[in-house]
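Engineer: Here is the input, now give the coordinates:
(4 chains)
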There are 2 protein chains.
Amino acid sequence: MEPIQSPQQNHLLDALLKVDYDRLFPNLELVELPLGKVLCESGDQLKHVYFPTNSIISLLYVMEDGASAEIAVVGNEGILGVPILLGGDSTPGRAVVQSAGHGYRMKAQILKNEFNQAGPLQRLLLRYTQALITQMAQTAVCNRHHTVEQQLCRWLLLSIDRLSGNELNMTQELIANMLGVRREGVTEAAGALQHLGLIHYSRGHIQVLDREGLETKSCECYKVVKNEFDRLLPAFHGIAS
Amino acid sequence: MEPIQSPQQNHLLDALLKVDYDRLFPNLELVELPLGKVLCESGDQLKHVYFPTNSIISLLYVMEDGASAEIAVVGNEGILGVPILLGGDSTPGRAVVQSAGHGYRMKAQILKNEFNQAGPLQRLLLRYTQALITQMAQTAVCNRHHTVEQQLCRWLLLSIDRLSGNELNMTQELIANMLGVRREGVTEAAGALQHLGLIHYSRGHIQVLDREGLETKSCECYKVVKNEFDRLLPAFHGIAS
DNA sequence: ATGCATCCGTGTGGTAGCGCACATAAGCAA
DNA sequence: TTGCTTATGTGCGCTACCACACGGATGCAT
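Structural biologist: Model prediction:
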């Protein structure tokens, strides 16, 4: 039972003015985004930008010794490819599909040209960039000061916010890679959350049972990021109007 | 012996086309930036943007419990006020003068108007934004994986790169606040570096004696950030041409 | 049902950094 | 000098997390 895909499931596309949307629409290509697919290796130049619909893309920085950490996630609220717009053609980061699903992609140059027209589309994407920056900054602080359990809560909340349901397909091993901690650390934290009845998981399948409880257990970082996204990107639905 | 101040000591201003520079020049106001001055409290709307010349501004995130961490620094290579340009009027961060000196400021609205013309000035500032994003991302990773000593090296290098000499006025207590670690941790790390002959410090005055040695001791994060700034913002001196 | 890869749980020992408490030291003021 | 403030050094117990090792469990394929 795959849900029907539509570009408007992506909030950025949905927020475009009708005239902008209609112009871009023919360039959008629906793509499947399987778990683990690397959309952009460190230092690569992105050929396409991606608008996830029901998938999540993780922005990872990988270090020389192989250690990694996620610095932000992109779901149906956003776009992968901000560096293209900012004029630095590459980033030192890697983009990986963290939660399988679909998205629309578009040749990077086309969106860049639209962006350079400095209209509402540019303003929208710049506001998204600001929200992304906030997420990265908060991740930096969170990495410094919060426990694995708190960070796991934040991460779960950010993830399910970007999907329709309350379930994730994601092994603890992968989560550990995202958070930049050991797998055992995730096991322990997840076990604690399950014991509290906040989540249920088994073999790579996670259900959030008590969203509010998770928010309580989480550090403030989740709320800060969420509030900033809501503030900067209210759902104003350019097409519907 | 204060050095003579000129807007062109700031690399962004220096990189403007002459026509843009001439138009902005009358709006630039030289300001002194004393140590510890808070230019922007969390959630504030910036009235001015700042172009440091021989000062450094630190972007700090402060948490509910008072713990803090620096997510990026802005010196003569950059500008404080990127969120203004991106259209989110405020940020959840705080901006503090980390190294006393001077800078030029300008009413935020004026620069925002210039930015919205979508010319070379906008492209320059967007490239700077990309560099800033890289710095924040690398900070997030560094917070996760590297020792206090490595981070101190990175921090010292990033700082002296943004000043003319090889000296800093900065107590260990303040550095600890920036890095989000204990003061004693900085004492220990700084002691080790001094023992190796890489730095000399006493009561809030730090000299870098062996830059190369510091780079060796530092984590890769410094080089990644530096390379990305050099790549995105080559010194191309719009005025001179 | 049997085999097998994957995923998860757990234990043991080691370490970096924390919180706290104080001891020294360097500058400054009268 | 004396005294005061600020800056830096050090020791101690504690905790979160790490690295490694291995045992157990689950689901899938044949």
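
Engineer: quick one, the longest helix along chain A and helix B:120-145 angle?
Structural biologist: What stands out as the longest helix in chain A, according to DSSP state H, is helix A:120-145. For helix A:120-145 against helix B:120-145, the angle by axes from the mean of the first three to the mean of the last three Cα atoms, to 10 degrees is 20 degrees.

Engineer: Dead centre of chain A: give me the residue that sits there.
Structural biologist: residue A:74 (1.9 Å; Cα atoms, centre = their mean).

Engineer: Now do the phi/psi pair for it.
Structural biologist: phi -130, psi 120 (degrees, to the nearest 10).

Engineer: show me what contacts it?
Structural biologist: A:50, A:52, A:56-59, A:80, A:95, A:132 (Cβ atoms under 8 Å, 6 or more residues apart in numbering or on different chains). Backbone N, C-alpha and C define where each C-beta goes, glycine included.

Engineer: For the longest helix of chain A, buried residues please.
Structural biologist: Neighbour counts over helix A:120-145 (16 or more other Cβ atoms under 10 Å in any protein chain shown) mark A:121-122, A:124-145 as buried.

Engineer: now, which of the contacts of residue A:74 sits nearest residue B:24?
Structural biologist: Using Cβ to Cβ, residue A:132 is the member of the contacts of residue A:74 that sits closest to residue B:24, with 27.9 Å.

Engineer: quick one: contacts for that closest one?
Structural biologist: Contacts of residue A:132 by Cβ under 8 Å, 6+ apart are A:72, A:74, A:78, A:82, B:133.

Engineer: Which ones among the residues you listed also lie next to DNA strand C?
Structural biologist: Among those, no residue sits close to DNA strand C (Cβ under 7 Å from any atom of the strand).

Engineer: Take those residues and write them to TSV, including distance to residue A:151.
Structural biologist: Shown next, in TSV, are these (distance: Cβ to Cβ, whole Å):
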residue	distance to residue A:151
A:72	14
A:74	18
A:78	21
A:82	23
B:133	21
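
Engineer: circling back to that earlier point, the residue nearest to the centre of chain A bridge partners, please.
Structural biologist: Counting by DSSP bridges, residue A:74 is bridged to residue A:57.

Engineer: Please report the distance of it from residue B:111.
Structural biologist: 29 Å (Cβ to Cβ, to the nearest Å).

Engineer: So which residues on chain A come close to DNA strand D?
Structural biologist: A:146-149, A:180-182, A:184-185, A:202-203.

Engineer: These, buried ones only, as a PyMOL selection?
Structural biologist: Paste this into PyMOL to select the buried members of the residues of chain A next to DNA strand D, with burial taken from 16+ other Cβ under 10 Å:
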select buried, chain A and resi 146+148+149+180+181+185
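
Engineer: Flag every buried residue along stretch A:161-173.
Structural biologist: A:161-163, A:168, A:170-172.

Engineer: Let me fix that, I meant to ask about stretch A:7-18.
Structural biologist: A:7-16.

Engineer: Kindly report the same for stretch A:56-76.
Structural biologist: In stretch A:56-76, counting by 16+ other Cβ under 10 Å, buried: A:56-63, A:68-76.

Engineer: What is the end-to-end distance of it?
Structural biologist: Using Cα to Cα, to the nearest Å, the end-to-end distance of stretch A:56-76 comes out at 7 Å.

Engineer: how about the helices of chain A, start to end?
Structural biologist: Under DSSP H, chain A gives helices at A:11-14, A:18-24, A:82-86, A:108-115, A:120-145, A:148-161, A:172-179, A:183-195, A:211-217, A:221-232.

Engineer: So for residue B:217, which of the ones you listed sits nearest?
Structural biologist: With distances scored as Cβ to Cβ, the stretch of the helices of chain A nearest to residue B:217 is helix A:120-145 (20.5 Å).

Engineer: and the gap between the residue of chain A most remote from its centre and residue B:59?
Structural biologist: Centroid-distance maximum for chain A: residue A:195 at 27.6 Å, with Cα atoms, centre = their mean. Residue A:195 sits 39 Å away from residue B:59, going by Cβ to Cβ.

Engineer: Then residue A:148?
Structural biologist: 26 Å.

Engineer: ok, now residue A:164?
Structural biologist: Distance from residue A:164 to residue B:59, by Cβ to Cβ: 35 Å.

Engineer: Kindly check the end-to-end length of stretch A:192-199 for me.
Structural biologist: One end of stretch A:192-199 to the other measures 9 Å (Cα to Cα).

Engineer: what's the answer for stretch A:20-39, then?
Structural biologist: With Cα to Cα, one end of stretch A:20-39 sits 26 Å from the other.

Engineer: Next to DNA strand C, which bits of chain A? Give me the list.
Structural biologist: Applying Cβ under 7 Å from any atom of the strand, we find that chain A lies next to DNA strand C at A:171-173, A:183-184, A:187-188, A:190-191, A:194, A:201-204.

Engineer: which one of the residues you listed is nearest residue B:35?
Structural biologist: residue A:188 (42.9 Å).

Engineer: who's in contact with that closest one?
Structural biologist: A:148-149 are the contacts of residue A:188 under Cβ under 8 Å, 6+ apart.

Engineer: Also the one 5 residues further on?
Structural biologist: Residues counted as contacts of residue A:193 (Cβ under 8 Å, 6+ apart) are A:149, A:152-153, A:199, A:214, A:217.

Engineer: Can you give me the pLDDT of it?
Structural biologist: pLDDT, residue A:193: 97.

Engineer: Tell me how far residue A:45 lies from residue A:92.
Structural biologist: Distance from residue A:45 to residue A:92, by Cβ to Cβ: 13 Å.

Engineer: More neighbours: which of these two?
Structural biologist: residue A:92 (19 against 12; other Cβ atoms under 10 Å in any protein chain shown).

Engineer: tell me the pLDDT at that one?
Structural biologist: So residue A:92 comes in at 85 (pLDDT).

Engineer: What about it? Give its phi and psi, please.
Structural biologist: phi -80, psi 20.

Engineer: pLDDT weak spots in chain A?
Structural biologist: A:1-3, A:236-241 (pLDDT under 70).

Engineer: Wait, residue A:211 touches residue A:165, no?
Structural biologist: No: counting by Cβ atoms under 8 Å, residue A:211 does not reach residue A:165; the two are 11.6 Å apart.

Engineer: So what touches stretch A:224-234?
Structural biologist: Counting by Cβ under 8 Å, 6+ apart, A:11-12, A:15, A:77, A:124, A:127-128, A:130-131, A:134-135, A:138, A:157-158, A:161, B:87-88, B:92 sit against stretch A:224-234.

Engineer: For residue A:163, grab phi and psi.
Structural biologist: According to degrees, to the nearest 10, residue A:163 has phi -120, psi 170.

Engineer: pretty sure it is touching residue A:99, no?
Structural biologist: Yes: applying Cβ under 8 Å, one finds residue A:163 in contact with residue A:99, separated by 6.5 Å.

Engineer: Need the residues touching each of the two.
Structural biologist: A:56, A:75.

Engineer: what's the closest non-adjacent residue to residue A:58?
Structural biologist: residue A:98 (3.9 Å; Cβ to Cβ, 6 or more residues apart in numbering or on different chains).
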